[in-house]
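>>> Just need the structure, nothing else, for what follows:
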Amino acid sequence: MALERHIEAFLESMVAERGAAQNTVLAYQADLADFAAFCASRGSGPAAADATIVTDYLASLAAAGLSARTQARRLSALRQFQRFLLRDGQRHDDPTSLTSSPKQPRTLPKTISEAEVSALLAAAGTLPGASGRVAEAGLEILYATGMRISEMLELPAHALPLDGNMLLIRGKGGRERIVPLSAAARDAAKTLLDTNPERPARYLFPGRRKGMPMTRQAFARLLKRVALAAGIDPGRLSPHALRHAFATHLLAHGADLRSLQTLLGHADISTTQIYTHVLAERLQKLMEEHHPMAREASGPAEQIP
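Okay, the predicted model is just below:
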């Protein structure tokens, strides 16, 4: 089935103007194709849909049992599509402008403890051959920088700093940021690069196909092996769990949200604020340990003779 021409133009603009990744484009394509099919059932097209069609479409998603998160994602895709049409002069109104996103339950990111990170790093070194080197370098870099798995796997081989300790990352939408790289992560990455049979390599984490990076699926499978070797439930571990561990552990040790926002590459501080529960726990502990009223509530201080 051919892609609707307005949707096709929108997806092309995402790539050309925002540098959207292929997976992002495919996700938008699927969401908008679903909306186009709904519009067709109402005798309309996605570019001519009015507010009533948008409202009815969202109601159909809820009736079908789709989660609030999925409904919100579909609405976000519709909003960006309609605003593209507005900017392009294809229509003169935005039928999504008065539509509210479904309220989502607040969920905290899955993470792992500092002790579990140490166990994973130790276990990675026990895997034989290239698998061990890839696992060790990947774990060290993900935990040291908090970068997304897609950002790490797309690192060119020359991105590794030989003398400095800062790493340049190209993130979502082509935005660049610089993050510190620990000595352990730098050494593990250098070992991986020096032992790569495909030299000169294009990517720090090359895949099986020549000239292509390692896939996310392949790295996830490797991570499961490391988890089993470390005695950790593989279902609790993912590359994103390491990103959350980076953020959670930094905050627990005194980092502030603004610095964390920069390190994670979040365009909006509201995205970083999901970690405020860590700050709340830290402040509570600080109050209990240092506030005089808290000390009095726990009992009188021991008198020194």
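>>> Please make it C-alpha for all contacts and neighbour counts, starting now.
Fine.
>>> Run through the stretch 101-250 of the chain and note the low-pLDDT ranges.
104-109, 161-164, 198-200 (pLDDT under 70).
>>> For it, which segments count as helices?
114-124, 129-145, 149-153, 183-194, 216-230, 239-252 (DSSP state H, counting those that start in this stretch).
>>> Can you say which of those is nearest to Leu61?
Nearest to Leu61, of all those, is helix 239-252, at 27.5 Å by CA to CA.
>>> dump the residue contacts of the most centrally placed residue in the chain.
For the chain, the residue nearest the mean C-alpha position is Arg148 (5.1 Å; CA atoms, centre = their mean). For Arg148, the contacting residues are Leu142, Pro239, His240, Arg243, by CA atoms under 8 Å, 6 or more residues apart in numbering.
>>> for the residues you listed, which one is nearest Leu98?
His240 (33.5 Å).
>>> so the closest one sits right up against Glu151, yeah?
No. Counting by CA atoms under 8 Å, Glu151 is not a contact partner of His240; they are 11.7 Å apart.
>>> Quickly list the domain ranges of the chain.
5-87, 114-282 (automatic domain parsing).
>>> thinking again about what came up before, okay, the contacts of Arg148 in TSV with neighbour count and distance to Ala135 next?
Formatted as TSV, those follow (neighbours: other CA atoms under 10 Å; distance: CA to CA, whole Å):
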residue	neighbour count	distance to Ala135
Leu142	24	10
Pro239	21	11
His240	17	15
Arg243	23	15
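>>> Spatially, which two of the residues you listed are the most separated?
Leu142 and His240 (8.9 Å).
>>> intersection of neighbour lists for those two?
Joint contacts of Leu142 and His240 (CA under 8 Å, 6+ apart) are Arg148, Ile149.
>>> hmm, who's touching stretch 170-188?
18-21, 133, 136-137, 140-141, 144-145, 151, 160-161, 165-169, 262-263, 265.
>>> Buried among these? Make that a ChimeraX selection.
The buried residues among those can be selected in ChimeraX (16 or more other CA atoms under 10 Å) with this line:
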select :19,20,133,136,137,140,141,144,145,160,166,167,169,262,263,265
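>>> wait, which of the helices of the stretch 101-250 of the chain is closest to Leu66?
Short answer: helix 239-252, nearest of those by CA to CA, at 23.3 Å.
>>> Could you write out the alpha-carbon coordinates of that closest one in PDB?
Provided in PDB are the C-alpha atoms of helix 239-252 (Å, rounded to 0.1, in the frame of the first residue of the first chain):
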ATOM      1  CA  PRO A 239      21.100  -0.600  27.900                       C
ATOM      2  CA  HIS A 240      18.500   1.900  29.000                       C
ATOM      3  CA  ALA A 241      18.700   0.600  32.600                       C
ATOM      4  CA  LEU A 242      22.400   1.500  32.600                       C
ATOM      5  CA  ARG A 243      21.400   5.100  31.400                       C
ATOM      6  CA  HIS A 244      19.000   5.300  34.300                       C
ATOM      7  CA  ALA A 245      21.600   3.900  36.700                       C
ATOM      8  CA  PHE A 246      24.100   6.600  35.500                       C
ATOM      9  CA  ALA A 247      21.500   9.300  36.300                       C
ATOM     10  CA  THR A 248      20.200   7.900  39.600                       C
ATOM     11  CA  HIS A 249      23.700   7.300  41.000                       C
ATOM     12  CA  LEU A 250      25.000  10.700  40.000                       C
ATOM     13  CA  LEU A 251      22.000  12.400  41.700                       C
ATOM     14  CA  ALA A 252      22.400  10.200  44.800                       C
END
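>>> what residues does that helix touch?
Here helix 239-252 has contacts from 109-114, 139, 142-149, 220, 223, 257, 260, 264, 275, 278-279, 282, using CA under 8 Å, 6+ apart.
>>> ok and that helix relative to helix 114-124, angle-wise?
140 degrees (axes from the mean of the first three to the mean of the last three CA atoms, to 10 degrees).
>>> which of the residues in helix 239-252 are buried?
Here helix 239-252 shows 239-251 as buried, counting by 16+ other CA under 10 Å.
>>> can you list the residues you listed in JSON lines and add distance to Arg42?
JSON lines is the format used below for the buried residues of helix 239-252 (distance: CA to CA, whole Å):
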{"residue": "Pro239", "distance to Arg42": "42"}
{"residue": "His240", "distance to Arg42": "40"}
{"residue": "Ala241", "distance to Arg42": "42"}
{"residue": "Leu242", "distance to Arg42": "45"}
{"residue": "Arg243", "distance to Arg42": "43"}
{"residue": "His244", "distance to Arg42": "43"}
{"residue": "Ala245", "distance to Arg42": "47"}
{"residue": "Phe246", "distance to Arg42": "48"}
{"residue": "Ala247", "distance to Arg42": "46"}
{"residue": "Thr248", "distance to Arg42": "47"}
{"residue": "His249", "distance to Arg42": "51"}
{"residue": "Leu250", "distance to Arg42": "51"}
{"residue": "Leu251", "distance to Arg42": "50"}
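>>> Appreciated, that's everything.
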